[in-house]
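>>> Fold the following.
(2 chains)
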Amino acid sequence: NAGVTQTPKFQVLKTGQSMTLQCAQDMNHEYMSWYRQDPGMGLRLIHYSVGAGITDQGEVPNGYNVSRSTTEDFPLRLLSAAPSQTSVYFCASSFFRDRGEQYFGPGTRLTVT
Amino acid sequence: AQSVTQLDSHVSVSEGTPVLLRCNYSSSYSPSLFWYVQHPNKGLQLLLKYTSAATLVKGINGFEAEFKKSETSFHLTKPSAHMSDAAEYFCVVSDLNAGNNRKLIWGLGTSLAVNP
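Presented below is the predicted three-dimensional model:
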């Protein structure tokens, strides 16, 4: 199993550009989520999904969109990048009943200039 | 409301000495509790979890944690630190009895440094 994969590992964007961070898992997990990690702020939940076709907002959803067309994939879209979105982004997955036991991807380091 | 407080943002120990990373929580229901570890420039990995079974939980790499309901604590310990333990550690609480609005609450993390 590859586990949770994320691409790209690094990305630099200019303000106003859009992009999609990719996330895929091969463990047949129902639950998938996106976090951002900023110094001194821990992990903050952006969006999550409890299954294909079902998504919901986390605590910091503004400026981000998600979709879940398959169980495996959960892309995160930045619509119009802003410097405040400079962060490290992690995708995670788990079985729905064990949502505390999450498997994380290696992260994407995004810089918006 | 749920909350998690990691009492120390930075902990420094010498190699071979005990490690104690402190975590207090607040939960209205019966919580599940977790510790995650993040090594530099890596993703996060589950270290151990408490889900209402034994109150002393053993995890990977020699770590363990004890759930103390009376103290609302879930401190992480290791008898003897190794250089490879240097990492960021996160305490997480999950409320299991609040229906479909259950969510994870993350602590802000404790950075562990291990000195030779």
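>>> Please count neighbours and contacts with C-alpha atoms only from this point.
Noted.
>>> So which residues of chain B form helices?
Using DSSP state H, no helices are assigned anywhere in chain B.
>>> And the helix or strand of chain B with the lowest mean pLDDT, what does it pack against?
Among the helices and strands of chain B, strand B:104-106 carries the lowest confidence by mean pLDDT, DSSP states H and E, at a mean of 88. In terms of contact count using 3 or more Cα pairs under 8 Å, 6 or more residues apart in numbering or on different chains; DSSP states H and E, strand B:104-106 is assigned the packing partners strand B:3-6, strand B:87-95.
>>> Partner strands of the longest one, with direction?
What it means is strand B:87-95. Strands that pair with strand B:87-95, judged by DSSP bridges, come out as strand B:31-38 (antiparallel), strand B:104-106 (antiparallel), strand B:110-115 (antiparallel).
>>> got the residues of chain B near chain A?
Proximity of chain B to chain A (Cα under 8 Å from any Cα of the partner chain) is limited to residues B:32-34, B:42-46, B:49, B:92-94, B:104, B:106-109.
>>> Could you pick out the buried ones from these?
The neighbour-count test (16 or more other Cα atoms under 10 Å in any protein chain shown) marks B:32-34, B:43-46, B:49, B:92-94, B:104, B:106-109 as buried among those.
>>> which two in those are spaced the farthest apart?
By the measure Cα to Cα, B:Ser32 and B:Gly43 form the most distant pair in those, at 21.6 Å.
>>> And the next helix or strand past the one helix or strand A:Phe90 maps to?
Assigned by DSSP states H and E, A:Phe90 falls within strand A:87-94. Per DSSP H and E, strand A:87-94 leads on to strand A:103-104 as the next helix or strand towards the C-terminus.
>>> which residues make contact with that following strand from outside it?
Judged by Cα atoms under 8 Å, 6 or more residues apart in numbering or on different chains, the contacts made with strand A:103-104 from elsewhere in the structure are A:Gly3, A:Val4, A:Phe90, A:Cys91, A:Ala92, A:Ser93, A:Ser94, B:Gly43, B:Leu44, B:Gln45, B:Leu46.
>>> Any idea how many residues pack against A:Thr113?
Applying the criterion other Cα atoms under 10 Å in any protein chain shown, we find 14 residues in the vicinity of A:Thr113.
>>> For it, give its distance to chain B.
As judged by Cα to the nearest Cα, to the nearest Å, A:Thr113 and chain B stand 21 Å apart.
>>> cool, and A:Glu72?
With distances defined as Cα to the nearest Cα, the gap from A:Glu72 to chain B amounts to 19 Å.
>>> Which pLDDT value does the model give that residue?
Note on A:Glu72: pLDDT of 97.
>>> same check, this time on A:Gly16
In the predicted model, A:Gly16 carries a pLDDT score of 97.
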